[in-house]
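**Student:** pasted the sequence and its predicted model underneath.
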Amino acid sequence: MARSAPERPAPDRPPFSRFPLLPGGDKWRGMTIGLLGGSFNPAHAAHREISLSALKRLGLDHVWWLVSPQNPLKGTGDMASLDRRVKQAQKVAAHPKITVMDLESRLTSNYTADTIRTLVERFPEVRFVWLMGADNLGQFDKWQKWEEIARLVPFAIFDRPGYSMSAIASKAAQRFRRQRLNEAYASLLSLKKPPAWIFCHGRKNPLSATEIRKKMLHSERL
């Protein structure tokens with residue numbers, strides 16, 4: 001009797017199938033995705049403007065808003081619940097190429113470095129770009145493992161009122177000044193090996209989540 005051929009081991013399942021916490025599954029494969037993280041307490045038009053600008057200028061396929069359970073640099077006193085912030089962010093985003101996620105709560109991580117490392121390791125078929133406003137670049141060196149973040153993914157900084165000069169003079173900007181890409185080549189940023197970054201000038205939306213919360217609190221007291 002002829003011996004049967006040995007059974008071949010089943011091929012590895014694709015990375016997306018091994019990460020059920022990610023909404024959308026395989027549809028993200030091969031995309032270039034911008035990551036905009038934060039408390040979104042609350043989300044507002046400036047978040048949306050940054051995202052739309054990133055889609056156009058950086059040539060992104062999609063933007064994910066990563067709503068943090070709790071920003072380690074911010075207090076919890078006036079922090080709305082995660083569910084409320086996610087739902088409000090979805091209303092503000094209102095765009096087919098912007099997806100709001102509570103991914104960090106599912107990863108049980110409050111640190112951007114941990115979140116990005118997980119995404120980069122699990123999804124090598126996706127090119128990620130970190131997005132943030134110029135106000136955050138000024139305090140970027142206070143983030144947990146901030147230099148590691150810069151070495152994991154390229155990042156794009158978007159101008160905010162009153163922060164242009166301080167952002168460029170910040171510790172993080174000076175640390176990686178030689179890796180700064182000319183703004184004219186923004187569409188190539190996602191193809192660059194990190195550390196690589198760009199400062200995007202443009203319309204400066206004055207909206208601030210802090211100011212919005214103050215106005216909401218004032219209205220409630222009237």
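**Tutor:** Cool, got the structure.

**Student:** which ones are touching Ser68?
**Tutor:** The neighbourhood of Ser68, defined by Cβ atoms under 8 Å, 6 or more residues apart in numbering, consists of 37-40, 104, 110. (C-beta placed from N, C-alpha, C; glycine too.)

**Student:** include secondary structure when you put the residues you listed into TSV, please.
**Tutor:** Formatted as TSV, these follow (DSSP: H, G, I helix; E, B strand; the rest coil):
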residue	secondary structure
Gly37	strand
Gly38	strand
Ser39	coil
Phe40	coil
Glu104	helix
Asn110	coil
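
**Student:** in a markdown table, list these along with distance to Pro69, pLDDT and neighbour count.
**Tutor:** Output for those, formatted as a markdown table (distance: Cβ to Cβ, whole Å; pLDDT from 0 to 100; neighbours: other Cβ atoms under 10 Å):
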| residue | distance to Pro69 | pLDDT | neighbour count |
| --- | --- | --- | --- |
| Gly37 | 11 | 94 | 21 |
| Gly38 | 12 | 91 | 21 |
| Ser39 | 9 | 92 | 18 |
| Phe40 | 11 | 94 | 24 |
| Glu104 | 6 | 86 | 21 |
| Asn110 | 6 | 73 | 16 |
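
**Student:** which one of the residues you listed is nearest to Trp197?
**Tutor:** Gly37 (15.6 Å; Cβ to Cβ).

**Student:** who's in contact with the closest one?
**Tutor:** Neighbours of Gly37 in contact, by Cβ under 8 Å, 6+ apart: 65-66, 68, 104, 112, 115, 130, 132.

**Student:** same thing but at 6 Å, please
**Tutor:** The contact partners of Gly37, taken as Cβ atoms under 6 Å, 6 or more residues apart in numbering, are 66, 112.

**Student:** what's the pLDDT at the nearest residue to Ala113 once chain neighbours are set aside?
**Tutor:** Once flanking residues are discounted, Ala113 sits nearest to Lys145: 3.8 Å by Cβ to Cβ, 6 or more residues apart in numbering. Note on Lys145: pLDDT of 95.

**Student:** low pLDDT regions in the protein?
**Tutor:** Along the chain, segments meeting pLDDT under 70 span 1-21, 71-77, 203-222.

**Student:** count the neighbours of the nearest residue to Leu60 once chain neighbours are set aside for me.
**Tutor:** Closest residue to Leu60 in three dimensions, ignoring its sequence neighbours and counting by Cβ to Cβ, 6+ apart: Gly34, at 4.7 Å. By other Cβ atoms under 10 Å, 27 other residues sit near Gly34.
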